[in-house]
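Colleague: Could you look at this predicted model? Sequence included:
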Amino acid sequence: MDIVEVILSDHHEQRRRFALLDEMHGCGPSDLEAVWKQLRILLEVHAKAEEELFYPALMELGTGAGGKDSAGDETEDAIHDHNEIRDAIGEVAQHPAGSPEWWEAMTKLNEANGDHMAEEEREGLTDFRQHASLELRHRLGLSFAVFESSHADGIKPQDISPEEYVREHE
(Lines give C-alpha, C1' and ligand atoms only; values in the text may rest on other atoms or scores of the structure.)
Protein backbone atom coordinates (compact mmCIF):
# COMPACT_ATOMS: atom_id res chain seq x y z
CA MET A 1 0.00 0.00 0.00
CA ASP A 2 1.66 3.20 -1.22
CA ILE A 3 -0.06 6.58 -0.90
CA VAL A 4 1.14 7.57 -4.36
CA GLU A 5 -0.43 4.44 -5.85
CA VAL A 6 -3.63 4.92 -3.82
CA ILE A 7 -3.97 8.48 -5.12
CA LEU A 8 -3.24 7.38 -8.70
CA SER A 9 -5.81 4.59 -8.36
CA ASP A 10 -8.39 7.13 -7.18
CA HIS A 11 -7.53 9.34 -10.16
CA HIS A 12 -8.14 6.40 -12.49
CA GLU A 13 -11.48 5.73 -10.79
CA GLN A 14 -12.48 9.38 -11.10
CA ARG A 15 -11.68 9.33 -14.83
CA ARG A 16 -13.62 6.07 -15.21
CA ARG A 17 -16.71 7.50 -13.52
CA PHE A 18 -16.67 10.66 -15.65
CA ALA A 19 -16.39 8.39 -18.72
CA LEU A 20 -19.34 6.35 -17.44
CA LEU A 21 -21.43 9.50 -17.12
CA ASP A 22 -20.40 10.49 -20.66
CA GLU A 23 -21.99 7.24 -21.85
CA MET A 24 -25.20 7.88 -19.91
CA HIS A 25 -26.69 10.66 -22.03
CA GLY A 26 -30.31 9.72 -22.46
CA CYS A 27 -30.51 7.86 -19.14
CA GLY A 28 -33.07 8.86 -16.58
CA PRO A 29 -32.36 11.25 -13.73
CA SER A 30 -32.41 8.52 -11.06
CA ASP A 31 -29.68 6.56 -12.88
CA LEU A 32 -27.60 9.69 -13.35
CA GLU A 33 -28.08 10.68 -9.71
CA ALA A 34 -26.88 7.26 -8.51
CA VAL A 35 -23.62 7.46 -10.49
CA TRP A 36 -23.20 11.17 -9.72
CA LYS A 37 -23.61 10.63 -5.96
CA GLN A 38 -20.84 8.06 -5.89
CA LEU A 39 -18.53 10.27 -7.99
CA ARG A 40 -19.27 13.32 -5.81
CA ILE A 41 -18.41 11.40 -2.64
CA LEU A 42 -15.22 10.08 -4.23
CA LEU A 43 -14.10 13.56 -5.29
CA GLU A 44 -14.87 15.20 -1.95
CA VAL A 45 -13.40 12.48 0.28
CA HIS A 46 -10.32 12.12 -1.92
CA ALA A 47 -9.57 15.86 -1.72
CA LYS A 48 -10.03 15.91 2.06
CA ALA A 49 -7.80 12.85 2.50
CA GLU A 50 -5.08 14.57 0.49
CA GLU A 51 -5.42 17.70 2.62
CA GLU A 52 -5.26 15.69 5.85
CA LEU A 53 -2.49 13.23 4.92
CA PHE A 54 -0.66 13.79 1.66
CA TYR A 55 -0.02 17.52 1.47
CA PRO A 56 1.28 17.94 5.04
CA ALA A 57 3.83 15.19 4.34
CA LEU A 58 4.73 16.74 0.98
CA MET A 59 5.30 20.09 2.70
CA GLU A 60 7.80 18.43 5.05
CA LEU A 61 9.79 16.57 2.40
CA GLY A 62 9.20 18.05 -1.01
CA THR A 63 11.37 20.51 -2.87
CA GLY A 64 9.27 21.20 -5.97
CA ALA A 65 8.76 19.27 -9.20
CA GLY A 66 7.08 19.60 -12.57
CA GLY A 67 7.87 23.28 -12.91
CA LYS A 68 7.03 24.33 -9.34
CA ASP A 69 9.76 25.93 -7.22
CA SER A 70 8.73 24.39 -3.90
CA ALA A 71 6.40 21.96 -2.19
CA GLY A 72 4.58 25.02 -0.87
CA ASP A 73 3.87 26.17 -4.42
CA GLU A 74 2.64 22.70 -5.37
CA THR A 75 0.43 22.53 -2.29
CA GLU A 76 -1.03 26.01 -2.62
CA ASP A 77 -1.96 25.30 -6.23
CA ALA A 78 -3.52 21.94 -5.30
CA ILE A 79 -5.62 23.40 -2.48
CA HIS A 80 -6.80 26.14 -4.84
CA ASP A 81 -7.77 23.41 -7.32
CA HIS A 82 -9.64 21.49 -4.60
CA ASN A 83 -11.69 24.62 -3.90
CA GLU A 84 -12.47 25.00 -7.61
CA ILE A 85 -13.55 21.36 -7.75
CA ARG A 86 -15.78 21.82 -4.68
CA ASP A 87 -17.33 24.90 -6.27
CA ALA A 88 -17.91 22.97 -9.51
CA ILE A 89 -19.54 20.14 -7.53
CA GLY A 90 -21.84 22.73 -5.98
CA GLU A 91 -22.74 24.03 -9.43
CA VAL A 92 -23.69 20.54 -10.64
CA ALA A 93 -25.95 20.18 -7.59
CA GLN A 94 -27.86 23.33 -8.60
CA HIS A 95 -29.40 21.63 -11.65
CA PRO A 96 -31.72 18.66 -12.22
CA ALA A 97 -29.77 15.56 -13.25
CA GLY A 98 -29.72 15.17 -17.01
CA SER A 99 -30.75 18.74 -17.82
CA PRO A 100 -28.58 20.68 -20.31
CA GLU A 101 -27.36 22.88 -17.43
CA TRP A 102 -26.41 19.80 -15.40
CA TRP A 103 -24.40 18.38 -18.28
CA GLU A 104 -22.70 21.74 -18.83
CA ALA A 105 -21.78 21.95 -15.14
CA MET A 106 -20.58 18.32 -15.23
CA THR A 107 -18.32 19.13 -18.18
CA LYS A 108 -16.79 22.05 -16.26
CA LEU A 109 -16.28 19.83 -13.21
CA ASN A 110 -14.60 17.16 -15.32
CA GLU A 111 -12.30 19.77 -16.82
CA ALA A 112 -11.35 21.27 -13.44
CA ASN A 113 -10.76 17.84 -11.95
CA GLY A 114 -8.80 16.59 -14.97
CA ASP A 115 -6.53 19.65 -14.94
CA HIS A 116 -5.92 19.19 -11.21
CA MET A 117 -5.07 15.49 -11.51
CA ALA A 118 -2.62 16.13 -14.36
CA GLU A 119 -0.85 18.85 -12.37
CA GLU A 120 -0.77 16.76 -9.21
CA GLU A 121 0.66 13.75 -11.03
CA ARG A 122 3.35 15.88 -12.66
CA GLU A 123 4.17 17.95 -9.56
CA GLY A 124 3.25 16.80 -6.03
CA LEU A 125 3.21 13.06 -6.61
CA THR A 126 6.50 13.19 -8.51
CA ASP A 127 8.08 15.33 -5.78
CA PHE A 128 6.84 12.95 -3.09
CA ARG A 129 8.09 9.83 -4.90
CA GLN A 130 11.52 11.43 -5.14
CA HIS A 131 11.78 12.32 -1.45
CA ALA A 132 9.58 10.06 0.70
CA SER A 133 10.76 6.73 2.02
CA LEU A 134 8.87 3.60 1.06
CA GLU A 135 8.02 3.12 4.74
CA LEU A 136 6.36 6.56 4.91
CA ARG A 137 4.58 6.00 1.61
CA HIS A 138 3.24 2.70 2.96
CA ARG A 139 2.14 4.15 6.30
CA LEU A 140 0.37 7.08 4.62
CA GLY A 141 -1.19 4.76 2.03
CA LEU A 142 -2.80 2.73 4.80
CA SER A 143 -3.99 5.90 6.54
CA PHE A 144 -5.40 7.25 3.26
CA ALA A 145 -7.33 4.02 2.63
CA VAL A 146 -8.70 4.04 6.19
CA PHE A 147 -9.73 7.71 5.86
CA GLU A 148 -11.60 7.02 2.64
CA SER A 149 -13.29 3.95 4.11
CA SER A 150 -14.28 5.89 7.21
CA HIS A 151 -15.98 8.51 5.06
CA ALA A 152 -17.62 6.25 2.48
CA ASP A 153 -20.94 8.00 3.07
CA GLY A 154 -19.38 11.36 2.24
CA ILE A 155 -18.24 14.47 4.05
CA LYS A 156 -19.37 18.06 4.30
CA PRO A 157 -17.27 19.89 1.70
CA GLN A 158 -15.62 23.09 2.85
CA ASP A 159 -13.28 25.40 0.97
CA ILE A 160 -10.05 26.31 2.71
CA SER A 161 -7.61 29.13 2.12
CA PRO A 162 -4.62 27.83 0.14
CA GLU A 163 -2.32 30.47 1.61
CA GLU A 164 -3.38 29.76 5.21
CA TYR A 165 -3.06 26.02 4.61
CA VAL A 166 0.52 26.40 3.41
CA ARG A 167 1.42 28.72 6.32
CA GLU A 168 -0.02 26.22 8.81
CA HIS A 169 2.02 23.36 7.35
CA GLU A 170 5.35 25.08 6.76
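Modeller: Now that the structure is in, tell me what you want to look at.
Colleague: Cross-check the contact I'm expecting between residue 50 and residue 82.
Modeller: Yes: Residue 50 is within contact range of residue 82, at 7.5 Å (criterion: CB atoms under 8 Å). C-beta here means a position set from N, CA and C on the backbone, and glycine is covered the same way.
Colleague: the more surrounded of the two?
Modeller: Shown here are residue 50 and residue 82; by other CB atoms under 10 Å, residue 82 has more neighbours (27 against 23).
Colleague: Name the nearest residue to residue 47, ignoring sequence neighbours.
Modeller: Computed as CB to CB, 6 or more residues apart in numbering, the closest residue to residue 47 that is not its neighbour in sequence is residue 82, at 4.3 Å.
Colleague: What separation do you get for the one you found and residue 99?
Modeller: To residue 99, residue 82 is 26 Å away according to CB to CB, to the nearest Å.
Colleague: same question, residue 81
Modeller: In this view, residue 81 and residue 99 are 26 Å apart by CB to CB.
Colleague: same thing with residue 116?
Modeller: 25 Å.
Colleague: Which one's more surrounded, those two?
Modeller: Neighbours were counted for residue 116 and for residue 99 using other CB under 10 Å; residue 116 has more, 21 against 12.
Colleague: Residue most distant from the centroid, this structure?
Modeller: Most distant residue from the mean C-alpha position of the chain: residue 26, 27.7 Å away (CA atoms, centre = their mean).
Colleague: What are the phi and psi values at that residue?
Modeller: Main-chain torsions, residue 26, degrees, to the nearest 10: phi 100, psi -10.
Colleague: before we move on, the earlier item: may I ask which helix or strand encompasses the residue nearest to residue 47?
Modeller: helix 71-93 (DSSP states H and E).
Colleague: Would you mind identifying the next helix or strand past that helix?
Modeller: Immediately after helix 71-93, counting by DSSP H and E, sits helix 100-122.
Colleague: same for that next one, what does it pack against?
Modeller: helix 3-22, helix 29-49, helix 71-93 (3 or more CB pairs under 8 Å, 6 or more residues apart in numbering; DSSP states H and E).
Colleague: Tabulate those helices (TSV), appending distance to residue 142 and mean pLDDT.
Modeller: Formatted as TSV, the helices and strands packed on helix 100-122 follow (distance: least, CB to CB, whole Å; pLDDT from 0 to 100):
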stretch	distance to residue 142	mean pLDDT
helix 3-22	9	98
helix 29-49	12	97
helix 71-93	22	95
